[in-house]
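>>> can't give you the sequence, but here's the structure:
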């Protein structure tokens, strides 16, 4: 499997992904026109035809056996410019009275645009048949290599919005206890409208005053900052790279936002440059194992590529690649590549 930038011809595959993504993945609306707009923006971003702050970098995972698109992921250079960016900030209000001996700390939710201007890691989706053989790790972490190589194109901080908790029927307890009272629509409908970029209704209908968390249902309170069960592996991956909860949650499902300084992301910080040597006897990668795998990317902007290789092929300054691996990376012997261990190295006390 390899990662490359999206192409104009990918529209049908992107629409199929959107159809499969389900409720809660607002960056993949099941709407061909919106997906075409997203694809066009990504293509013009890689062609450097839009300002750096407005760029969307959309990457596809390709199965070389049939050229099928297996997954999608993206980086947003700076959020909240085309569309207003809303979150709830989880805060505290203190009520105290010495006369009656009361000191009460109450958790609150404040409607906020604080994250405007941050870079974002987003739009991660892997087709069900491909959720194996480290494909999720490759797809997600391929973006860190792009960040490492082109750090100047992004802000200081990067965030990731995580899909919030909902039950097997797609019911969000956070939405049922809060959003429904103001929007009078189903969670899936509000979610869909947001994915289409129709966010004016949020500003018009959301309460402008803080929400006192104890007034929400017990299930809604438990959902604040909690991810959907299917999103737990993605959250664990981000946390292993240095992302932490930053105190903001989604206004619809209460899902957490995590963030990191780009320079502090493990894969960015630890990645190194190597010179390529072509050797068809190079060890192949065992994708059934979690260890012994290394992410490798070429250093080209428009023709960016990422693959997984066997760590045994790395020496102090050289990386051995097979002819096929070099073809997938679109490089030749003597070229420079960037590489980093797929997973953080375990440390033992």
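Okay, I see it. These figures come from a predicted structure and were not determined experimentally.
>>> need the contact partners of stretch 105-112.
Applying CB atoms under 8 Å, 6 or more residues apart in numbering, the contact partners of stretch 105-112 are 86-95, 206-208, 210-214, 224, 248-249, 251. Backbone N, C-alpha and C define where each C-beta goes, glycine included.
>>> show me where pLDDT drops low in this protein?
By pLDDT under 70, the low-scoring segments of the chain are 22-26, 192-201, 203, 346-349.
>>> so the spatially closest residue to residue 279 that is not a sequence neighbour, which of the three states?
Spatial nearest neighbour of residue 279, excluding adjacent residues (CB to CB, 6 or more residues apart in numbering): residue 320 at 4.4 Å. Recorded secondary structure, residue 320: strand (DSSP: H, G, I helix; E, B strand; the rest coil).
>>> what of residue 146?
Secondary structure state of residue 146, per three-state DSSP, is helix.
>>> residues touching it, list them.
Per CB under 8 Å, 6+ apart, neighbours of residue 146: 57, 59, 75, 297, 304.
>>> residue 256 is in contact with residue 162, isn't it?
Yes: applying CB atoms under 8 Å, one finds residue 256 in contact with residue 162, separated by 5.3 Å.
>>> anything in contact with each of the two?
227, 235.
>>> what's the one residue sitting closest to the centre of the chain sitting at in phi/psi?
Centroid-nearest residue in the chain: residue 122, 3.1 Å away (criterion: CA atoms, centre = their mean). Per-residue torsions, residue 122: phi -150, psi -180 (degrees, to the nearest 10).
>>> rewinding a little: among the contacts of residue 146, name the ones in strands.
57, 59, 75, 297 (DSSP state E).
>>> now, which of these sits nearest residue 136?
Compare each of the ones in strands among the contacts of residue 146 with residue 136 using CB to CB and the shortest gap goes to residue 59, at 13.8 Å.
>>> for the closest one, give its distance to residue 71.
Distance of residue 59 to residue 71, given as CB to CB, to the nearest Å: 9 Å.
>>> let me know the outermost residue of this protein.
Distance-from-mean max, the chain, by CA atoms, centre = their mean: residue 99 at 50.2 Å.
>>> counting neighbours, which of the contacts of stretch 105-112 end up buried?
Buried members of the contacts of stretch 105-112, counted by 16 or more other CB atoms under 10 Å: 86-90, 206, 210-211, 213, 224, 248-249, 251.
>>> quick one, helices of the protein?
11-21, 32-46, 135-149, 173-174, 180-183, 187-195, 200-205, 218-223, 232-240, 266-270, 323-329 (DSSP state H).
>>> separation between the nearest residue to residue 156 once chain neighbours are set aside and residue 42?
Take residue 156 and drop its neighbours on the chain: the residue closest to it by CB to CB, 6+ apart is residue 261, 6.2 Å away. Using CB to CB, residue 261 is found at 25 Å from residue 42.
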